[in-house]
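[1] give me coordinates for this.
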Amino acid sequence: MTHRQIEAFRAVMLAGTMVGAADQLHVSQPAVSRLVADLERDLGYALFHRQRGRLVPSEEAGALFREVERAFVGLERIAAVARAIGDCQVGHLRVVAMPIFGCGFLPHVVATFCQGRSDISVTLELRPRVRVLEWIAAQQFDVGLATLPVDDPAVAVRPFAEEHAVCILPTTHALAALTVIEAGDLHGQTLIGFPRETSIRSMVDAMLAAARVTVHCLIETRTAEAVRGLVAAGAGIALVSRFALFGLDDPRLAVRPFTPPLPIRSGLLLPTGRPPSRLTDRFASHVAAHYAAQVPATGA
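    Next up, the predicted model:
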């Protein structure tokens, strides 16, 4: 008994005629008749009888067909799942990112990526940069988002964003009247900053030292939401990545370009120990495309 014989038998049962079965299988009618006859010979009993020119299934054919249908439904389900996997419609995606990406950008990316993909699941973790690199290198997550550079042979980098830091300040602040904020304008101001171990804080400190500018850095916080909230409350001004501006709609805040330029590069991180899945590749492409289309331009 062969798979082709079972296919022919099923097609006859569904079509009701040898001709209809042949059309379904895209073969000739004699070929279907031969396959069914061979199956009957192998089984040792008749599957169809002719009554007044009509093809009538035997009781044995009905019992066999019920079993065949169960098998074919299983195969069709497997085929459907296989196609869905290939189309990135099924799977689990594990994403870890620095908090700056989670203040608006990454939630929107994940939401739009999941639209039309009801059978995928996503785990999203927001962690400090050092933890992002550790978890990607250890293959605990599929993809990470972090600021660059990254120098770790266990981590592959796909840069997707290059920008300059911008200055955010209360709209009532005297510096809000300027179209561009310069380093010297920060002299004597209260600066709200990220922790000292972060790359943006290191750049800001180096820039201030080079410009011989003294500021009051009285408040440190790790999240962009906290920085924005403190600035809006009038606690000071801040230099931030434009990822902190994603979804920004606060009339209390003004955004201004800053000079000298403080370059900030961001990348997608993948473990080098295993090739990325099709789902991971598709998500990485979606992140880059979403950034290009949605993140507001510097100074907007």
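[2] out of everything not next to it in sequence, what's closest to Thr223?
    Pro99 (5.0 Å; CB to CB, 6 or more residues apart in numbering). In this view, the C-beta of every residue, glycine as well, is placed from N, C-alpha and C.
[3] burial count for that neighbour?
    When neighbours are counted by other CB atoms under 10 Å, Pro99 registers 19.
[4] that one touches Arg222, doesn't it?
    Yes - applying CB atoms under 8 Å as the test, Pro99 and Arg222 come out as touching, 6.2 Å apart.
[5] shared neighbours of these two, anything?
    Overlap between the neighbourhoods of Pro99 and Arg222 consists of Pro128, taking contacts as CB atoms under 8 Å, 6 or more residues apart in numbering.
[6] what is the host helix or strand of Asp281 packed up against?
    Asp281 is part of helix 278-294, with elements assigned from DSSP states H and E. Helices and strands touching helix 278-294, by 3 or more CB pairs under 8 Å, 6 or more residues apart in numbering; DSSP states H and E, are strand 90-97, helix 105-114, strand 143-147, strand 155-164, strand 263-271.
[7] quick one: end-to-end length of stretch 114-121, please.
    Start-to-end span of stretch 114-121 (CA to CA, to the nearest Å) is 8 Å.
[8] what of stretch 250-269?
    End-to-end distance for stretch 250-269: 32 Å, by CA to CA.
[9] what pLDDT, on average, does it get?
    Stretch 250-269 comes out with an average pLDDT of 94.
[10] give me phi/psi at Arg274?
    Dihedral angles of Arg274 (phi, psi; degrees, to the nearest 10) stand at phi -150, psi 150.
[11] low-confidence stretches in the stretch 151-300 of the chain?
    295-300 (pLDDT under 70).
[12] would you map the helices across it?
    199-211, 224-232, 278-294 (DSSP state H, counting those that start in this stretch).
[13] deepest in the core, which of the ones you listed is it.
    helix 224-232 (a mean of 20; mean count of other CB atoms under 10 Å).
[14] other SSEs contacting it?
    Using 3+ CB pairs under 8 Å, 6+ apart: helix 224-232 touches strand 166-170, strand 190-193, strand 238-240, strand 253-259.
[15] about what we covered before: tell me which of the helices and strands packed on helix 278-294 sits most buried.
    Each of the helices and strands packed on helix 278-294 was given a mean neighbour count from mean count of other CB under 10 Å, and the largest, a mean of 25, is that of strand 143-147.
[16] quick one: contacts of that one?
    Residues contacting strand 143-147 (CB under 8 Å, 6+ apart): 93-98, 100-101, 106, 129, 132-133, 135-136, 155, 199-200, 241, 264-270, 276, 280, 283-284, 287.
[17] hmm, try it at 6 Å
    With contact meaning CB atoms under 6 Å, 6 or more residues apart in numbering, strand 143-147 is reached by 95-98, 101, 129, 132, 136, 199, 266, 268-270, 280.
[18] so how far is it from its chain's centroid?
    Strand 143-147 sits 12 Å away from the centroid of its parent chain (CA atoms, centre = their mean, to the nearest Å).
[19] does Gly234 touch Thr172 like I think?
    No - using CB atoms under 6 Å, Gly234 is not in contact with Thr172; the gap is 7.3 Å.
[20] neighbour-wise, which of the two wins?
    Neighbours per residue (other CB under 10 Å) separate Gly234 from Thr172, with Gly234 holding more: 13 against 9.
[21] quick one: contacts for the more buried one?
    Gly234 neighbours (CB under 6 Å, 6+ apart): Pro170.
[22] give the helix, strand or coil label for the spatially closest residue to Phe72 that is not a sequence neighbour.
    In space, and not counting its chain neighbours, Phe72 is closest to Arg10: 6.6 Å by CB to CB, 6+ apart. For Arg10, the assignment made with DSSP: H, G, I helix; E, B strand; the rest coil gives helix.
[23] rewinding a little: in a markdown table: the helices and strands packed on helix 224-232, plus distance to Ala177.
    Below are these laid out as a markdown table (distance: least, CB to CB, whole Å):
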| stretch | distance to Ala177 |
| --- | --- |
| strand 166-170 | 10 |
| strand 190-193 | 18 |
| strand 238-240 | 18 |
| strand 253-259 | 9 |
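[24] deepest of those strands, which one?
    strand 238-240 (a mean of 26).
[25] that one: partners in the sheet, and parallel or antiparallel?
    Paired neighbours of strand 238-240 in the sheet (DSSP bridges): strand 166-170 (antiparallel).
[26] list the contacts of the strand it pairs with.
    Applying CB under 6 Å, 6+ apart, the contact partners of strand 166-170 are 175-176, 181, 231, 234, 237-240, 242, 253-256, 258, 298-299.
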